[in-house]
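Participant: Structure for the following, please:
(chains A and B)
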Protein chains: 2
Amino acid sequence: MNQTMSTDLYQINMMYAYYKRGMANTRVVFDMFFRKPPCGNGYALFAGLEQALHFIENIKFTEEDLDYFRSLYPYEEAFLERLANMTFTGNVAAVREGTVVFADEPLVRVEAPVMEAQLIETALLAMINHQTLIATKAARIVRAAGDDPVLEFGLRRAQGTEAAYYGARAAYIGGIAATSNVMAGRDFGIPVKGTHAHSFVQLFEDEKEAFITYNAAFPDETTLLVDTYDVLGVGVPHAIEVGLELKKQGKKLVGIRIDSGDLAYLSKEARKQLDAAGLTDVAIVASSDLDEMLIRDLKTQGARVDVWAVGTNLIVSNGCPALGGVYKLAAVQENGEWTPRLKISENPAKITTPGYKRLVRFYDEQSGQALGDLVTFAEEEIPGDTITLFDPLFPHKRKTIRGYRMEELLVPVIENGRRIGNPVSLEDSRAHACEQLSHFSDEVKRLINPHGYHVDLSQKLWDSKQELLHRSRL
Amino acid sequence: MNQTMSTDLYQINMMYAYYKRGMANTRVVFDMFFRKPPCGNGYALFAGLEQALHFIENIKFTEEDLDYFRSLYPYEEAFLERLANMTFTGNVAAVREGTVVFADEPLVRVEAPVMEAQLIETALLAMINHQTLIATKAARIVRAAGDDPVLEFGLRRAQGTEAAYYGARAAYIGGIAATSNVMAGRDFGIPVKGTHAHSFVQLFEDEKEAFITYNAAFPDETTLLVDTYDVLGVGVPHAIEVGLELKKQGKKLVGIRIDSGDLAYLSKEARKQLDAAGLTDVAIVASSDLDEMLIRDLKTQGARVDVWAVGTNLIVSNGCPALGGVYKLAAVQENGEWTPRLKISENPAKITTPGYKRLVRFYDEQSGQALGDLVTFAEEEIPGDTITLFDPLFPHKRKTIRGYRMEELLVPVIENGRRIGNPVSLEDSRAHACEQLSHFSDEVKRLINPHGYHVDLSQKLWDSKQELLHRSRL
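Facilitator: Residues are numbered from 1 along each chain as shown, chains lettered A, B, ... in the order given. A predicted model of the protein is given here:
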């Protein structure tokens, strides 16, 4: 569905006010960034760009839309005609999906006539906020699970089917191994997994009969849900009977799934029963309101779980269900020059960083470790060998780095309204996320109270911000 | 977009196992219900049914879908052919959107061949869980706001644009007055509202110039955002200058909006400034991470806010971002008879209520007050004058009611795959929610620790459940 109308009315109203004032073509730069990563995490995994770019490339108001506007307010017909012919003609730079990003970094830079820049704001934010949130939550869960695969099972509890669909996509970037979501599998190529429900067992007189029936349909791919009646009393014993029968036939039971109860205790006891029967290679899948903290806790308790299926808490990012990404005016073109613009706040951390900017990351040439990120004016030269970074809120905190490799994080993706470069495959974005995470220390990636990472401003940018602050009305 | 593929893989796999076993046409009844209302609320407002029915009526696999299944597993071609021709042929009964509903009540009853009943489970749950959640959250926020209108401003922070779209719809059922979401306004007829952003003010040299420019475009509908620089120091004074100028022209400034800072203090001081200037009819709109608790707290502090604009916390239902609605097997048709089926759990509250059921509500004939709900077998007669209700978990807790009006809550909406009756308009569902809420006491509706409401089982249903429990393997 075309998303041009997925916008706030105030965008249309501002566009109209600009139009009436003859400012519709004023060229501006907006930055998209967030002020705090979700869930107390130290970073976010950037995601949702592909959908946002698709939306931007397909801006189109229909006649029906214009009629709707006519019903709302007596907008001038010439304005509505302008809307009818409107496409996005500007430039967009963005970081790659799967990139590890931090608070206050420009992640998307939109340079366009102000009418266009306003029109794309809301949907762009909704798409990137959502997927970045879920990719980050997934990365936390995957981290807690260590080397065990994590499955995304949340569709039924998502905030609608589209949130589940793009949520599965984002979770895949974040490192999940597979999803239960068939549509996400079909369209994004994400591996899909699924077994059976309790109702399947209930439809038979006997649990074992249900197991045999399921196995008859999937002789080589059977995972059995063992908690419909009593996990250790009947569920696992029935699964073992099926597993031993398969073994005789030279086949194998893939796994059992436990979906309720004390997962630490049940998984350990189920493992003992399986092992005692010689079924040491039958995996144990656990589900039941899992999240990263519970998984970590279960692992600490020695739970014998091989695969973690996570539903609700992943797909809605429970505990932190929204990322507060914003889109702020950074510069205005006046007589061909970019004039930085500042948004003031009584909270110093909420003051924006003005100017047409770039974002670079320094890696240690030897270890590959990420050393820090730097935001500068777009035209600034960055020295190739030694640089001193300083904290923008506490400038006395300084760090000099040497022997680095520098990476440009904010790269052009749309020029004059046209996509440049090929869309990145989801598989590549997932691999990129995995590679990106390998450059950051365990301390930066830890789930609680992560270590701060340097995101600094160039001296020139910092000076310019201070000057604007002093000139401001505060 | 067709949502047939918005399902979990295990549904397809169970369907295949049933098909292989010759059970595809086994007729079953599933109940959709939830075990706990969201956010500690005492009830939920049922919503999302229209989307779920639309989905059910449009079940259709495409050739592309079948090819995708072929790529996953060697399903028999005859099974895939069956999918290709599959539509929903069953019966659905459901409560009306906007109905006040409680834990453990059957809200949707699906009677169909098991293949069809499984196929619709996941998307039906996703749609109803989402919209019921947001409608309930909205009702809480609207309740906290008392007689003040609440605006839904959450699109940019929603879990994607579709979650925002249906979220706005659900929030409207829950009682919000308007949304910022233009697409939701266009398609659902929800009133839309919007003013301007901080960036609008920043694009001008002077705040007052921005205000005048906005007012020039919307002379009779101007609400001015006054917190770009300094609310009380310049924002409100500038707005007052515009307001007084409009007054001279016989027009009026509609409102000012405060989007940051101490809303209690700022709104009171802004009110004083406006009143002192004779602009007593200029409304104050507040926004900035509001939710029901904060609104109530601000009102307790005497904040002079006339309109509450709520974004993130409403559209993602922050604090309770998922409703755990489930879909459980209740009965199987055997030799033309419905045999109740029970789902057992070690947690007594999680044991399902078996059988093909109906749901009725009793209202006091005089006061209109809702007295209690009763779940019975579908064919049971309910006496018209006196009935004794009892708590299904604590059967000694009894209550005899007399002089009631009885309402059938679960009513047929799809028969033999076809929608019956006309779709209910959103406006009617919103009015229904408002009317429904009027039948419940303040204690049942309170935001924290609400009073429990009677949701009881008939003696026959309770006896049947006990018998099944005793016969079960536990």
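Participant: Do I have it right that A:P340 meets A:E334?
Facilitator: No. Taking contacts as C-beta atoms under 8 Å, A:P340 lies outside contact range of A:E334: 10.8 Å. Where C-beta positions appear, they are placed from N, C-alpha and C, glycine not excepted.
Participant: Which one's more surrounded, those two?
Facilitator: Taking neighbours as other C-beta atoms under 10 Å in any protein chain shown, A:P340 and A:E334 compare with A:P340 leading, 21 against 10.
Participant: Might you report the residue contacts of the residue lying closest to the more buried one once chain neighbours are set aside?
Facilitator: Counting by C-beta to C-beta, 6 or more residues apart in numbering or on different chains, A:P340 lies nearest to A:P354, which is 3.3 Å off, once chain neighbours are set aside. A:P354 sits next to A:330-331, A:340-342, A:464-465, A:468 when contact means C-beta atoms under 8 Å, 6 or more residues apart in numbering or on different chains.
Participant: Filter those residues down to the buried ones.
Facilitator: The neighbour-count test (16 or more other C-beta atoms under 10 Å in any protein chain shown) marks A:330-331, A:340-342, A:464-465, A:468 as buried among the contacts of A:P354.
Participant: Can you list which of those residues are found in helices?
Facilitator: Cross-referencing the buried ones among the contacts of A:P354 against helices under DSSP state H gives A:464-465, A:468.
Participant: ok, the buried ones among the contacts of A:P354 vs chain B, which is closest?
Facilitator: Within those, the smallest distance to chain B is 5.1 Å, found for A:R341 (C-beta to the nearest C-beta).
Participant: mind checking how far that closest one is from A:L468?
Facilitator: Distance, A:R341 to A:L468, using C-beta to C-beta, to the nearest Å: 8 Å.
Participant: got any ranges where chain A has weak pLDDT?
Facilitator: Along chain A, the parts satisfying pLDDT under 70 run over A:346, A:473-474.
Participant: repeat that for 80
Facilitator: A:344-349, A:472-474 (pLDDT under 80).
Participant: Just want the most central residue of it.
Facilitator: A:T132 (2.3 Å; C-alpha atoms, centre = their mean).
Participant: contacting residues around that one?
Facilitator: A:34, A:44-48, A:101, A:170, A:323, A:325.
Participant: And the contacts of A:P354, which two are furthest apart?
Facilitator: A:A331 and A:K465 (12.3 Å; C-beta to C-beta).
Participant: can you map out the helices along the stretch 351-474 of chain A?
Facilitator: Secondary structure of the stretch 351-474 of chain A (DSSP state H, counting those that start in this stretch): helices located at A:426-438, A:442-445, A:459-471.
Participant: Would you mind finding the most buried of those helices?
Facilitator: Ranked by mean neighbour count under mean count of other C-beta atoms under 10 Å in any protein chain shown, the helices of the stretch 351-474 of chain A are led by helix A:426-438, which reaches a mean of 18.
Participant: What is the distance between that one and the centre of its chain?
Facilitator: Distance, stretch centre to chain centre, for helix A:426-438: 12 Å (C-alpha atoms, centre = their mean, to the nearest Å).
Participant: got the contact list for it?
Facilitator: With contact meaning C-beta under 8 Å, 6+ apart, helix A:426-438 is reached by A:45, A:47, A:96-100, A:135, A:139, A:169, A:172-175, A:188-190, A:368, A:424, A:445.
Participant: could you flag which of these are buried?
Facilitator: By 16+ other C-beta under 10 Å, the contacts of helix A:426-438 give A:45, A:47, A:96-100, A:135, A:139, A:169, A:172-175, A:188, A:190, A:445 as buried.
Participant: Pretty sure A:I315 sits against A:I134.
Facilitator: Yes. Contact criterion C-beta under 8 Å: A:I315 and A:I134 qualify, at 7.1 Å.
Participant: who touches both of the two?
Facilitator: With C-beta under 8 Å, 6+ apart, A:I315 and A:I134 have common neighbours A:167, A:171.
Participant: the longest helix in chain A is where?
Facilitator: Under DSSP H, chain A gives helix A:114-144 as its longest helix.
Participant: Next SSE downstream of that one?
Facilitator: Going down the chain from helix A:114-144, the next helix or strand is strand A:150-152, by DSSP states H and E.
Participant: Measure how far that following strand is from the centre of its chain, please.
Facilitator: 15 Å.
Participant: A:P37 and B:L155: what is the separation?
Facilitator: Distance from A:P37 to B:L155, by C-beta to C-beta: 22 Å.
Participant: ok, now A:G384?
Facilitator: Per C-beta to C-beta, A:G384 is found 44 Å from B:L155.
Participant: Looking at the two now, which is surrounded by more residues?
Facilitator: The neighbour comparison of A:G384 against B:L155 (other C-beta under 10 Å) goes to B:L155, with 28 against 9.
Participant: Pull the contacting residues for that one.
Facilitator: By C-beta under 8 Å, 6+ apart, the neighbours of B:L155 are A:6-8, A:122-123, A:126, B:161, B:164, B:168, B:180-181, B:315.
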